[in-house]
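In: sequence below, structure please.
(chains A and B)
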Amino acid sequence: MSAFSVDTAFLIAVLAMGLATYATRISGYLFLRGREVKGRAKAAMDAVPPAILMAVIAPSVFLGTWIEWAGAAVAFTSAMLRLPLLVTIAAGVATVALLRAVS
Amino acid sequence: MAKVYWNDFWRGAGDVSPLLIAYAPIALIWGAVAAGQGFSTLEAILMSGIVYSGAAQFVALDLMKSGTPLSLLTLAIATVALRHVLMSASISRSITHFEPVRAAVQLFWLTDEAWALLERRAQHQKLTPAYFFGASFPLWPNWVLFTGIGASVGNLLGDGARFGLDFAFAGIFIGVLAGFWKGPRTGAILVASAVTACLAKLWLPGAWYIMAGGAAGMAVAVATWREEEAT
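Out: Modelled structure (predicted):
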């Protein structure tokens, strides 16, 4: 496989995904331009980032092996200590890599 | 006029410059993971340029590995990127004076990081199209370039799982999550989201677990909302 080969099915998938991400970026502007969100609706909107972030990673962490649990615990500790994002990532990755190497 | 425009552009670019350095390693990691899954350097570059969302791209790699059909894949990516709907809605309050076409074009570069910078700026000053462009656009070539480099190098490294690179994504999200912590209510939202997402992952097909967890978190937020905290 060459560094410049592109699979047609892959390209179609990428274009579809690109359309999807662009749609999310523009739709809030199109639908909510200038409108104010208050009360319960605002509470629901404010909850979206943490809820979605957690939903994305929870299965791969909690339904994984003890190694992923350990990696998550280390990354979580680093995040709670307000260490830079890169340190948090590196700590989690290093923990997982190390445990996989010795187990 | 032109001078004023570029002054504002460079002010935005200056504000975003630390993020260019911070995100280069994450781009390298994504490129390396993509290469580890057998994607070519050009494929990695195209995906970064067109999809342009770190979170969505990591999830996409995961789903493409397991041969998810195109419709489900697109839906899953949209659900991962759904938070941008809310960011877009939020920033729309500060760019009502932009020409609609200009706003539509520039919103392509609305990423989590650029959005955070723009909201910060909008608290004190009126957002200009030039500042918006300067604070958001540079992240794009930066992301594309470093994912390309990561893919080239990663193709030499082989399977990234040996180096724990498949865990990088979880690490990023755990790190970002910490910034949203606002006390016990956040904890309740997170628990609801995590439990629901895990159950949904076991019982539902595709990436519905993301929406299920998100919806559960939002439901808890609405249920625990009290009148007095209205802001």
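In: drop to CA atoms for contacts and neighbour counts, all remaining ones
Out: Will do.
In: could you check the pLDDT of B:Thr111?
Out: Here, the pLDDT recorded for B:Thr111 equals 91.
In: pretty sure it is in contact with B:Ser53, am I right?
Out: Yes - here B:Thr111 reaches B:Ser53: they are 7.1 Å apart, a contact under CA atoms under 8 Å.
In: tell me the secondary structure at B:His97.
Out: At B:His97 the chain is in coil, as set by DSSP: H, G, I helix; E, B strand; the rest coil.
In: and for B:Gln106, the neighbour number?
Out: By the measure other CA atoms under 10 Å in any protein chain shown, the count of residues near B:Gln106 is 17.
In: quick check: it vs B:Ser136, distance?
Out: 8 Å (CA to CA, to the nearest Å).
In: same question, B:Ala168
Out: In terms of CA to CA, B:Ala168 sits 24 Å off from B:Ser136.
In: what about the helices in chain B?
Out: For chain B, helices defined by DSSP state H occupy the ranges B:2-36, B:41-50, B:54-65, B:70-80, B:83-92, B:100-106, B:112-124, B:129-136, B:139-157, B:168-178, B:184-203, B:208-223.
In: what's the angle between the second one and helix B:139-157?
Out: Compare the direction of helix B:41-50 with that of helix B:139-157 by axes from the mean of the first three to the mean of the last three CA atoms, to 10 degrees and you get 160 degrees.
In: low-confidence ranges in chain B?
Out: Judged by pLDDT under 70, chain B has its weakly predicted residues at B:1, B:155-161, B:206-207, B:228-231.
In: what's the domain layout of it?
Out: Domains of chain B are assigned by automatic domain parsing as B:2-177, B:180-231.
In: now distance to A:Pro84 too, for those, in a markdown table please.
Out: Listed next are the domains of chain B as a markdown table, based on distance: least, CA to CA, whole Å:
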| stretch | distance to A:Pro84 |
| --- | --- |
| domain B:2-177 | 8 |
| domain B:180-231 | 15 |
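In: who wins for proximity to chain A among the ones you listed?
Out: The closest of the domains of chain B to chain A is domain B:2-177. By CA to the nearest CA, the value is 3.8 Å.
In: span of that closest one from start to end?
Out: With CA to CA as the measure, domain B:2-177 spans 40 Å from end to end.
In: pull the distance from it to the chain's centre.
Out: In terms of CA atoms, centre = their mean, to the nearest Å, the centre of domain B:2-177 is found 6 Å from the chain centre.
In: packing partners for the helix-or-strand element of chain A with minimal mean pLDDT?
Out: Within chain A, no helix or strand scores below helix A:39-62, which has a mean of 84 by mean pLDDT, DSSP states H and E. If you count contacts as 3 or more CA pairs under 8 Å, 6 or more residues apart in numbering or on different chains; DSSP states H and E, helix A:39-62 packs onto helix A:66-80, helix B:83-92, helix B:168-178, helix B:184-203, helix B:208-223.
In: out of those, which is closest to A:Pro59?
Out: helix B:184-203 (4.9 Å; CA to CA).
In: can you give the contact residues for the closest one?
Out: Residues from elsewhere that reach helix B:184-203 (CA atoms under 8 Å, 6 or more residues apart in numbering or on different chains): A:47, A:50-52, A:54-56, A:58-59, A:62-63, B:180-181, B:207-210, B:212-218, B:220-221, B:224.
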